[in-house]
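Participant: Pasting a predicted model and its sequence here:
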There are 4 protein chains.
Amino acid sequence: MPRNATTQPLPGDARRSPPTSALHALSQACLHEQTLRIYFEDTDAGGIVYHASWLRFFERARTDWLRSLGLEQSHLARDHGVGFVVRAMQIGYLRPARLDDLVRTELRLLDLRGASISLAQHALLDDPRTPLVEAQVRVAVMRLSDGRPAPLPPALRERVSAQAATVTPVDQA
Amino acid sequence: MPRNATTQPLPGDARRSPPTSALHALSQACLHEQTLRIYFEDTDAGGIVYHASWLRFFERARTDWLRSLGLEQSHLARDHGVGFVVRAMQIGYLRPARLDDLVRTELRLLDLRGASISLAQHALLDDPRTPLVEAQVRVAVMRLSDGRPAPLPPALRERVSAQAATVTPVDQA
Amino acid sequence: MPRNATTQPLPGDARRSPPTSALHALSQACLHEQTLRIYFEDTDAGGIVYHASWLRFFERARTDWLRSLGLEQSHLARDHGVGFVVRAMQIGYLRPARLDDLVRTELRLLDLRGASISLAQHALLDDPRTPLVEAQVRVAVMRLSDGRPAPLPPALRERVSAQAATVTPVDQA
Amino acid sequence: MPRNATTQPLPGDARRSPPTSALHALSQACLHEQTLRIYFEDTDAGGIVYHASWLRFFERARTDWLRSLGLEQSHLARDHGVGFVVRAMQIGYLRPARLDDLVRTELRLLDLRGASISLAQHALLDDPRTPLVEAQVRVAVMRLSDGRPAPLPPALRERVSAQAATVTPVDQA
């Protein structure tokens, strides 16, 4: 992923302050990794993975990352009446993937605010190591009753911060 | 769509020259409009349109726009051995759509280069007029035999330029 | 569609009485017709329409048929607390469809009971007339609060019966 | 799954001879098992797994089963110029699954002929053990150059037969 890609603003971010340097540092640490297989359902008649399928893969990764932190989205809905929605995404398609490929996704934290999380999510082939798709995603929380914005659940903020604090030094070594 | 959104670079555009003012002007004219219905297949358990479904809707619009210019993608593949691929996309989700909604998509030209087209694509509800999703998409042409970049077919460049030249004055009036 | 296909039981139908001859007659009349375009989203790396995409097409047809009878599923959910679910489907894939094809779907009534409707749905190419996919679908109504079966809304039974009574003689002429 | 479901003919099977008793016995043995998670992409606005998503799940299972036998579909296409297509499917929806559910799929052999395989595929929740969806699928082989039927690759016939022969006694014990 070209370095500049991680510093471009997401749509709607223009008037926001830039991420703090502490958070920028966090973005170097991979918080979640996942491997997935490419099936027919993911491809199109061009013989490659359909461009919208990558959004499904990245959401699987976000969901499993939250689950690894003890946060199931169906519980958040039931217990707190909130759900996550994607607010903005910037995505670059570098190389195609094909049927039967094994693809690895990586998730990094770009920014953690009161009502949104920004993540960098990459997809790559392992052998040889080939970047395929890179994305930045801003996810926010919505009150399910009326669709209004809601603050992030405190448990999420705490666990994400704790995880980011833990993994960063390892990655920077 | 906030004005700033149309001037943010797409991933990978950093070292490219900005669109000329002529092309910027083109972006004001809507080149293709389409109405689509929201079905169960498009929604998710949050009760709203799944975020990746919008990429499908925008691709339907691009495909039908090209078809309206006499360019069928299956013919391009057969006769010229090339296909379109999305290289980059920036997408902002402003408001959700729901089952049974009628959604209108609009397509505008942002930039036309030797090997890529950049488009602005918006989705909105009509009554009351409500912007839902806004995207910028850079599409390039790929040689199907080896996945290498290829120049845009001359017929496409000519017809897009001709259409853009025709509709602009109307829109600026 | 081979005649025997319409008389095979759907899974779970084994102990039910066969459709009455009146209802069998209804199945000859096409109650809803729709044309749709094949886009990249519908295809797979085999170069043909992905087999699960046909279920999406058939559901679009059912939804628009109900809408043509004045029954919007989002209203049924809001006003009556019920939703439709597919209980059983039998589907035969005769010939593939490809990118850019125009496909016509036809919907016929096979059976109308207190808590379910059975439909025959066909997809075909027009020129030359080529059957592509044929399905029989049994749809039932579910109470959204607890997922329990519910009777069909009376308005639906009335309007479907009325429509079937109207179109049959035309088709048999 | 009701016992009768496994003995109903698939569409188009009417004039074929019934499976031999040896093959019927095979259908009792589970040849492949897989667990998958339900994500937002799999659900619809009814709050449950969208009915067409189950076809995607069953195809993942078939693909991974073939892979476990050393048969990758992308290799079959490249080396033998053939691909699998679904010819017929019969599917019963018993109970819905929801976001975050862990679903297990099971695959059994119903019939193995010169040009097609028929499989029984079930999906269930584990705890408590709840059958969700049951399907019978007939898969055939197509020559990619012209879409004509082709015999099953000999390697596939051999490995499927060998696996079925191995697992049956265990399952019947």
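Facilitator: Nice, thanks for sending it over.

Participant: Run me through the strand neighbours of the longest strand seen in chain A, direction for each.
Facilitator: Across chain A, the strand with the greatest residue count (assigned by DSSP state E) is strand A:129-143. Next to strand A:129-143 in the sheet, as set by DSSP bridges, lie strand A:82-93 (antiparallel), strand A:116-126 (antiparallel), strand A:149-150 (antiparallel).

Participant: which element follows the longest one toward the C-terminus?
Facilitator: Secondary structure here is assigned by DSSP states H and E; on that basis, the next helix or strand after strand A:82-93 toward the C-terminus is strand A:102-112.

Participant: Quick one: list the elements packing against that following strand.
Facilitator: Packing partners of strand A:102-112 (3 or more CB pairs under 8 Å, 6 or more residues apart in numbering or on different chains; DSSP states H and E): helix A:21-26, strand A:30-37, helix A:53-68, strand A:116-126, strand A:129-143, helix A:154-172. Heads up, the C-betas are built off the backbone N, CA and C, glycines and all.

Participant: mind saving the C-alpha coords of that strand as PDB?
Facilitator: Included here for strand A:102-112 are C-alpha records, laid out as PDB according to Å, rounded to 0.1, in the frame of the first residue of the first chain:
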ATOM      1  CA  LEU A 102      -6.400 -18.000  -0.500                       C
ATOM      2  CA  VAL A 103      -6.500 -14.400   0.500                       C
ATOM      3  CA  ARG A 104      -5.300 -12.900   3.800                       C
ATOM      4  CA  THR A 105      -6.900  -9.800   5.300                       C
ATOM      5  CA  GLU A 106      -5.200  -7.500   7.800                       C
ATOM      6  CA  LEU A 107      -6.900  -4.900  10.000                       C
ATOM      7  CA  ARG A 108      -5.200  -1.800  11.500                       C
ATOM      8  CA  LEU A 109      -6.600   1.000  13.600                       C
ATOM      9  CA  LEU A 110      -6.300   4.400  12.100                       C
ATOM     10  CA  ASP A 111      -8.400   6.500  14.500                       C
ATOM     11  CA  LEU A 112     -10.700   6.000  17.500                       C
END
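
Participant: could you check the angle strand A:129-143 makes with that strand?
Facilitator: Using axes from the mean of the first three to the mean of the last three CA atoms, to 10 degrees, the inter-axis angle of strand A:102-112 relative to strand A:129-143 is 50 degrees.

Participant: model confidence over strand A:102-112, on average?
Facilitator: The average of the pLDDT scores along strand A:102-112 is 96.

Participant: surely residue A:85 meets residue B:95?
Facilitator: No - here residue A:85 lies out of contact with residue B:95, judged by CB atoms under 8 Å, at a distance of 10.2 Å.

Participant: which of those two has more neighbours?
Facilitator: Regarding residue A:85 and residue B:95, a neighbour count based on other CB atoms under 10 Å in any protein chain shown identifies residue A:85 as having more, with 18 against 13.

Participant: if I look at the closest residue to that one other than its chain neighbours, how far off is chain D?
Facilitator: Nearest non-adjacent residue to residue A:85, counting by CB to CB, 6 or more residues apart in numbering or on different chains: residue A:142, 4.9 Å away. Distance from residue A:142 to chain D, counting by CB to the nearest CB, to the nearest Å: 13 Å.

Participant: go on, residue A:143?
Facilitator: In terms of CB to the nearest CB, residue A:143 sits 17 Å off from chain D.

Participant: need the contact list for the closest residue to that residue other than its chain neighbours.
Facilitator: On the basis of CB to CB, 6+ apart, the spatially nearest residue to residue A:143 that is not a chain neighbour turns out to be residue A:150, at 4.5 Å. Remark: with contacts taken as CB atoms under 8 Å, 6 or more residues apart in numbering or on different chains, residue A:150 is in contact with A:82, A:115, A:141-143.

Participant: Quick check: which ranges of chain A have low pLDDT?
Facilitator: The model of chain A has pLDDT under 70 over residues A:1-27, A:168-173.

Participant: run the last query once more with 90
Facilitator: Within chain A, the ranges that satisfy pLDDT under 90 run A:1-28, A:76-81, A:126-129, A:144-147, A:153, A:164-173.

Participant: Write out the residues of it neighbouring chain C.
Facilitator: A:40-41, A:43-48, A:50, A:52, A:98-99 (CB under 8 Å from any CB of the partner chain).

Participant: restrict these to contacts with chain D.
Facilitator: Of the entries in those, the ones placed beside chain D under the rule of CB under 8 Å from any CB are A:40-41, A:98-99.

Participant: Specify which member of those is nearest to residue B:105.
Facilitator: Of all these, residue A:41 has the smallest distance to residue B:105: 24.5 Å, by CB to CB.

Participant: Name the residue most distant from the centre of chain A?
Facilitator: Distance from the C-alpha centroid of chain A, by CA atoms, centre = their mean, peaks at residue A:45 (27.4 Å).

Participant: ok, now which ones touch it?
Facilitator: In this structure, residue A:45 makes contact with C:40, C:43-45, C:47-48, C:98-99, judged by CB under 8 Å, 6+ apart.

Participant: same thing with residue A:118?
Facilitator: Residue A:118 neighbours (CB under 8 Å, 6+ apart): A:10, A:19, A:109-112, A:136-139.

Participant: try 7 Å this time
Facilitator: Taking CB atoms under 7 Å, 6 or more residues apart in numbering or on different chains as the contact definition, residue A:118 lies against A:10, A:110-111, A:136, A:138.

Participant: how about the residues you listed in TSV, adding distance to residue D:61 and neighbour count?
Facilitator: As requested, those are exported to TSV (distance: CB to CB, whole Å; neighbours: other CB atoms under 10 Å in any protein chain shown):
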residue	distance to residue D:61	neighbour count
A:10	37	22
A:110	36	20
A:111	39	22
A:136	34	27
A:138	35	25
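
Participant: can you tell me which of those lies nearest to residue A:58?
Facilitator: residue A:136 (10.3 Å).

Participant: any idea how far the closest residue to that closest one other than its chain neighbours lies from residue D:165?
Facilitator: The shortest distance from residue A:136 to any residue other than its chain neighbours is 4.7 Å, reached at residue A:90 (CB to CB, 6+ apart). For residue A:90, the distance to residue D:165 under the criterion CB to CB, to the nearest Å works out to 54 Å.

Participant: Repeat that for residue A:86.
Facilitator: From residue A:86 over to residue D:165 the distance is 50 Å, taken as CB to CB.

Participant: higher neighbour count, the two?
Facilitator: Higher neighbour count among residue A:86 and residue D:165: residue A:86, with 20 against 12, using other CB under 10 Å.

Participant: Perfect, I'm done here.
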